[in-house]
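In: Let's see this in three dimensions:
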Amino acid sequence: MSELMRSKTAAIAAALLAIALLAAAAPAAAAGECEYPYESVDATGETVEVDEEPERIVTLAPSTTQTLIELGDDNRIVGTESNSVFQYPEVADVPAVTYNQSGDSMFDDGTTEEILDLDPDVVIGSLIHNDPIVGELRDAGVTVYASGTIGSLPGIYDKVEEKGRLTGSCTEADEVVDWMEHEASIVEDTVAGVEPVDVYYHGGFWPGYSTTTEASFVGDTIERAGAWMILRFEDYDNPWPFLDDEELIAEFSSTDPMWIVRPDSPLEEYDIPEEDYWNSTTAVQEDQVLDVHQNYIQQSAPRVVIPLAEMAEAFHPDRYEAAEERAEEDDSGGSAGGWSGVDDAEEATVEFDEQDARIEPGDDFSIAELPGPVKEIAFEGRVEGSVNVQQSDVDGAPGRASYGFTVTAPEDGLRGTVAVEPDADVPVDDQWIAKHGDGGWSLLDTEVVSVDVDLLQAETEFSRFAVLASTEPDARITAVDGEDGEITLSSTDSSDEYGEIVEARWTVDGETSTGDTVTVSVEDEGSVEVELEVENDAGLTGYAEAEYAAEDVEDGVEEPRDFDIDEAGEGEDDADEADDGGLPLPGFGFVAAAAALLSYAGVRRHS
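Out: Next up, the predicted model:
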């Protein structure tokens with residue numbers, strides 16, 4: 001995964017949180033709660049009626065699964081398809097049906113019965129409108145909503161709203177779309193009046209080069225980032241053409257791509273071919289090949305705005321930075337969302353003297369009670385002078401940053417305790433206070449202290465801080481290739497809930513290495529033990545281990561396989577394939593100072 005992807009995903013996550021906090025302080029959306037019964041005409045032309053808010057939902061496309069996760073409805077997903085299980089940890093344990101793209105249906109025989117056994121209130125899927133399974137389920141009395149092809153970013157907004165109304169999450173859908181439109185507005189500001197850059201989308205070689213035109217939602221998203229798709233729908237009458245070498249040579253000869261955009265898949269089908277006509281492009285010559293998250297760019301779902309922002313920043317970096325700054329000003333503090341709606345307290349200064357602020361006689365502490373999300377500053381010992389607290393940016397902060405603040409103490413090197421409000425939209429035990437120093441951001445030993453509400457508390461020297469969310473990443477070992485006694489293992493299916501994974505460290509039979517992949521040799525009738533440790537941008541680590549025997553690679557690895565780890569630490573083949581999804585894209589079948597100072601009812605620590 002590229003460094004741009006790592007850094008930008010964290011920044012977008014921070015922006016999402018800021019908008020969520022602003023929305024929480026604003027009046028409720030006009031759409032309000034959903035009303036039932038609700039009727040809508042789907043892509044089959046049928047009027048679909050949902051009588052009441054569904055409790056049991058089956059999703060038949062990764063884009064639908066991603067959308068429902070963003071709406072907070074993943075706890076109601078009782079079944080899905082095999083792609084989603086691999087791509088989204090929220091549904092990793094949900095029963096899954098398997099794709100089978102070789103027949104009339106996209107699904108295996110017996111899938112209808114599998115879904116009926118799940119007793120769903122509604123089945124929602126994308127690009128299943130021509131699939132026989134829709135009629136079979138409807139004949140069995142199941143409510144099925146089949147959405148069709150989406151060709152643009154505004155079309156994704158509409159489908160998010162529609163799925164929110166189908167599932168009873170109308171207000172949540174409005175909020176998600178508001179966030180998407182906010183991120184898109186920054187990009188619109190970025191590209192206003194710019195000369196678009198020429199872009200080719202490399203969707204892999206399957207064989208034949210899979211690509212797209214401006215007439216798909218992928219092409220539309222790329223062009224909205226300030227680009228011009230060098231392939232045009234009018235030349236192919238197909239938004240997703242397959243090209244052979246001659247056709248692609250002709251396209252590159254006609255328009256030299258300044259940039260090549262591709263999914264960040266570990267599969268070799270996405271590699272840039274070692275061909276002269278590829279190597280002679282400006283994109284390759286200038287190292288302007290941009291990797292974007294394969295699920296986000298390939299699925300018509302809310303997170304498509306993340307690669308939208310990444311592309312705009314890559315194509316027009318100076319303009320994007322300026323547009324972000326303007327958006328932060330318009331949002332009254334931008335990413336410092338913790339100040340929103342709190343007495344407009346952007347800055348607070350408290351004067352201390354010898355008589356100031358002791359809780360009760362005999363306590364040797366000086367305390368400042370402050371407005372805004374920074375609730376209290378406490379020092380061990382009495383101090384004289386002023387303490388200033390003001391909001392600050394969270395640039396470069398790891399994980400999902402909520403807000404930043406800087407504390408200026410009367411003396412350099414003075415230690416004390418700070419207590420702050422957590423973000424109400426994130427589990428408090430997932431949150432940290434982080435400090436910025438010469439080496440960048442680092443997590444402080446953070447306590448969760450409870451009075452009437454939970455607060456985050458840390459002891460530190462005073463500096464610049466951020467409140468953020470980060471948890472241990474989920475390490476996952478995936479076999480992506482193998483033959484002749486060798487197997488290639490990948491860490492790229494590992495995931496981090498709030499931030500990005502920045503390093504993967506492998507240990508194979510005691511030998512260590514780093515990188516997204518590792519190739520190991522398995523001797524005849526032997527086995528090899530593999531350990532993987534992944535580290536996220538906050539410095540937290542996750543661990544997985546597996547054991548591979550010669551028979552695992554005896555016949556080669558034709559498709560990616562994911563190995564989950566049981567309690568004994570042995571690898572178990574979790575499924576037959578790891579499908580990237582995002583149809584109709586082809587080929588994705590592979591894929592304590594204050595503790596004494598404050599009379600708190602309880603204290604929990606995470607470090």
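In: residues contacting Val187?
Out: Taking Cβ atoms under 8 Å, 6 or more residues apart in numbering, we find Val187 in contact with 224-226, 308-309, 312, 320, 323. Just so you know, the C-beta spots here come from the backbone N, C-alpha and C atoms, and that holds for glycine as well.
In: Oh, that last question was meant for Val467, not what I typed.
Out: Taking Cβ under 8 Å, 6+ apart, we find Val467 in contact with 338, 373, 401-404, 420-423, 431-434, 456.
In: Now, those that are in strands?
Out: 401-404, 420, 431-434, 456 (DSSP state E).
In: Mark which of those are buried, thanks.
Out: The neighbour-count test (16 or more other Cβ atoms under 10 Å) marks 401-404, 420, 431-434, 456 as buried among the ones in strands among the contacts of Val467.
In: Report the buried residues of stretch 107-115.
Out: In terms of neighbour count (16+ other Cβ under 10 Å), stretch 107-115 has its buried residues at 107, 111-112, 114-115.
In: end to end, how far does it reach?
Out: One end of stretch 107-115 sits 11 Å from the other (Cα to Cα, to the nearest Å).
In: Mind listing what's buried along stretch 133-142?
Out: 133-134, 136-138, 142.
In: before we move on, what about stretch 275-293?
Out: 278, 281, 283-284, 288-293.
In: Show residues contacting it.
Out: Stretch 275-293 is contacted by residues 1-2, 4-5, 9, 200, 245, 248-249, 252-253, 256-264, 272, 303, 306-307, 310-311, 314 when judged by Cβ under 8 Å, 6+ apart.
In: Quick check: strands, which of those residues are part of them?
Out: Under the assignment DSSP E, those contribute 200, 259-263 to strands.
In: returning to that earlier point: mark which of the contacts of stretch 275-293 are buried, thanks.
Out: Applying 16+ other Cβ under 10 Å to the contacts of stretch 275-293 flags 1, 4-5, 9, 200, 248, 252, 257-264, 303, 306-307, 310-311, 314 as buried.
In: The buried ones among the ones in strands among the contacts of Val467 into a markdown table, with extra columns for pLDDT?
Out: Below are those laid out as a markdown table (pLDDT from 0 to 100):
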| residue | pLDDT |
| --- | --- |
| Ala401 | 90 |
| Ser402 | 87 |
| Tyr403 | 87 |
| Gly404 | 87 |
| Val420 | 87 |
| Gln431 | 94 |
| Trp432 | 94 |
| Ile433 | 95 |
| Ala434 | 94 |
| Leu456 | 91 |
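In: and which of those residues is nearest Thr514?
Out: Ala434 (24.5 Å; Cβ to Cβ).
In: any weak-confidence spans in the stretch 251-400 of the chain?
Out: Across the stretch 251-400 of the chain, residues meeting the criterion (pLDDT under 70) sit at 330-372, 380-386.
In: go again using 80 as the cut-off
Out: The model of the stretch 251-400 of the chain has pLDDT under 80 over residues 329-372, 376-391.
In: Pretty sure Tyr296 sits against Val304.
Out: Yes. Using Cβ atoms under 8 Å, Tyr296 makes contact with Val304 at a distance of 5.8 Å.
In: The two - which one has more neighbours?
Out: Neighbour tally, Tyr296 and Val304, criterion other Cβ atoms under 10 Å: the higher count belongs to Val304, 27 against 23.
In: correct me, but the more buried one touches Pro154?
Out: No. Under the criterion of Cβ under 8 Å, Val304 makes no contact with Pro154, lying 11.6 Å away.
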